[in-house]
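> Everything below, folded, please.
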Amino acid sequence: MSIQADYARSSLWAWPQCLLRNRLLIACVLVTVAAATYVSRLLGVPFETGTFSALMLLFTGMLPPFLLLLLVGRFLHLAFVVRPQRPIHQMMTDARRVFLDFERISLGMVALVAFMVFMGTFAYLKFAIPFVNPFSWDVTFAEWDRALHFGVDPYKIVLGLIGTPVVATGVNAAYHGWLFLMYFSVILACFSKENRATHYRYLISFVVVWFLGGNVIATLLSSAGPVYYERLGFGADFVALTETLKGYDAVGRIWALDVHEMLWEGYVAEGRARGISAMPSMHVASSVLMMLYAYTYGRWAGRIMAVFAGVIMVGSVMLAWHYAIDGYLGAAIAVLGWKLAGWMVRKDGAA
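Predicted coordinates:
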């Protein structure tokens, strides 16, 4: 039988099966679509997921470096751990085995499309936060922060311990690198076939944590974060922090300052707070979630991601994005979401 015929025969079997086996993920995403549709009607603002453009960006801009990283990682593992006589030949054999696995590819594609639909609904619901519930919790969270940290703003503790331009630039680089790691982890989970229940658990937990934390709780506890504290008329409590960051930027490079302004200009010009939401910190929540996922690969991977999650937690405060309690709640939501997703996957049994 030719490769083309084998592909067609396998595809006919794979697509109905992969839809069925992704039913829990699809159901979770449809819940978020329903929520976005409801909010759209409530606000009178059209809801579009932007799935096609997001997929094009993913495949043209992000997927190539992901694949290169996987190939390099596989080669290093073969060369230094497995040590076959012909590591490059073995790597190419492994690559053919993966990319010609029609079940793997179709199962992963359905999961990836569902993920991109979800990211569109998440972005829309996040945009809607100040319309549904205007920013009003910032003063409360700033006070709670001080109460939990012995009467001192957490950023002062962080700057007192590690506040230097070099450290701030490094932390900011990690904060920006978070996006790459997040997408990499999702793509890895979508297309991993061995022990699929574990990877599927990560995908389900991702949707649960981001929807409940980044949309539902973020709307109920609507806040903008320390960087916008003064601009929203809450006081000058965090002016010293933003001025310190500007001083660091004169020595090193603090890219967060540009993002601060970009988001604020969008908010002022269009009345749309795209990306402005402090409680809970989804940077921290997703980093803790990636840490839990990494532990399924091995203790070494989990420990590396635990350090990364710690850096993100520090960065969320140092870069004026979040109050410390935003990160604490984000971490708690991630752990609870991981446990809930594990229960859901076991009950569903389709992975």
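> thought Glu230 was touching Phe238?
Yes. The criterion here is CB atoms under 8 Å, and Glu230 meets it with Phe238 at 6.8 Å. C-betas here are computed from N, CA, C, even on glycine.
> Comparing those two, which residue is more hemmed in?
When Glu230 and Phe238 are compared for neighbours, Phe238 comes out ahead with 21 against 14, by other CB atoms under 10 Å.
> Report the contact partners of the more buried one.
Neighbouring residues of Phe238 by CB atoms under 8 Å, 6 or more residues apart in numbering: Ala142, Asp153, Tyr155, Pro226, Val227, Tyr229, Glu230, Ala320.
> Can you flag which of those belong to helices?
Using DSSP state H, the members of these that fall within helices are Ala142, Tyr155.
> could you flag which of the contacts of Phe238 are buried?
Ala142, Asp153, Tyr155, Pro226, Val227, Tyr229, Ala320 (16 or more other CB atoms under 10 Å).
> Grab the nearest non-local neighbour of the fifth one.
Distance criterion CB to CB, 6 or more residues apart in numbering; nearest residue to Val227, sequence neighbours excluded, is Ala320 at 4.0 Å.
> is it true that Leu19 touches Leu107?
No. Leu19 is beyond contact range of Leu107, at 9.3 Å (criterion: CB under 8 Å).
> Tell me the helix or strand right after the lowest-mean-pLDDT helix or strand in the chain.
In the chain, the helix or strand scored least confidently by mean pLDDT, DSSP states H and E is helix 3-21, which has a mean of 60. Sequence-wise, the next helix or strand downstream of helix 3-21 (DSSP states H and E) is helix 23-43.
> What helices and strands are in contact with that next one?
Identification of packing neighbours for helix 23-43 by 3 or more CB pairs under 8 Å, 6 or more residues apart in numbering; DSSP states H and E yields helix 102-127, helix 129-132, helix 196-211, helix 324-348.
> Relative to Leu221, which of the ones you listed is closest?
When those are compared by CB to CB, helix 324-348 sits nearest Leu221, at 8.4 Å.
> Mind giving me the packing neighbours of that closest one?
Counting by 3+ CB pairs under 8 Å, 6+ apart, helix 324-348 packs on helix 23-43, helix 138-148, helix 196-211, helix 282-295, helix 299-318.
> coming back round to it: tell me which of Leu19 and Leu107 has more neighbours.
Comparing Leu19 with Leu107 by other CB under 10 Å, the one with more neighbours is Leu107, at 25 against 14.
> List the residues that contact Ile254.
Neighbours of Ile254 in contact, by CB under 8 Å, 6+ apart: Ala168, Thr169, Asn172, Leu245, Lys246, Tyr248, Leu319.
> one more time with 6 Å
Listed by CB atoms under 6 Å, 6 or more residues apart in numbering, the contact partners of Ile254 are Asn172, Leu245, Tyr248.
> Could you tell me the model confidence score at the last one?
Looking at Tyr248, its pLDDT is 93.
> what helix or strand is it on?
helix 239-251.
> just the first one next, same as before
Using DSSP H and E, the secondary-structure element containing Asn172 is helix 165-191.
> That helix to helix 196-211, inter-axis angle?
For helix 165-191 against helix 196-211, the angle by axes from the mean of the first three to the mean of the last three CA atoms, to 10 degrees is 130 degrees.
> List the buried residues for helix 165-191?
Here helix 165-191 shows 165, 167-169, 171-172, 174-175, 178, 181-191 as buried, counting by 16+ other CB under 10 Å.
> Stretch 121-134 too?
Thr121, Phe122, Ala123, Tyr124, Leu125, Lys126, Phe127, Ala128, Ile129, Pro130, Phe131.
> now stretch 289-305
Here stretch 289-305 shows Leu289, Met290, Met291, Leu292, Tyr293, Ala294, Gly302, Met305 as buried, counting by 16+ other CB under 10 Å.
> got it, and stretch 334-347?
Buried positions in stretch 334-347, judged by neighbour count with 16+ other CB under 10 Å: Ala334, Val335, Gly337, Trp338, Leu340, Ala341, Gly342, Met344, Val345.
> Which of the contacts of Ile254 sits closest to Met313?
Nearest to Met313 among those, with distances taken as CB to CB, is Asn172, at 14.0 Å.
> That closest one and Leu257 touch, don't they?
No. The criterion here is CB atoms under 6 Å, and Asn172 misses it with Leu257 at 9.1 Å.
> Can you tell me the element Phe66 falls in?
Short version, using DSSP H and E: Phe66 is in helix 63-77.
> tally of neighbours for the nearest residue to Gln17 once chain neighbours are set aside?
Nearest residue to Gln17, sequence neighbours excluded (CB to CB, 6+ apart): Glu103, at 7.4 Å. Glu103 has 16 neighbours, counted by other CB under 10 Å.
> Quickly note the distance from Glu103 to Phe75.
Counting by CB to CB, to the nearest Å, the gap between Glu103 and Phe75 amounts to 25 Å.
> What of Leu241?
Leu241 sits at a distance of 44 Å from Phe75 (criterion: CB to CB).
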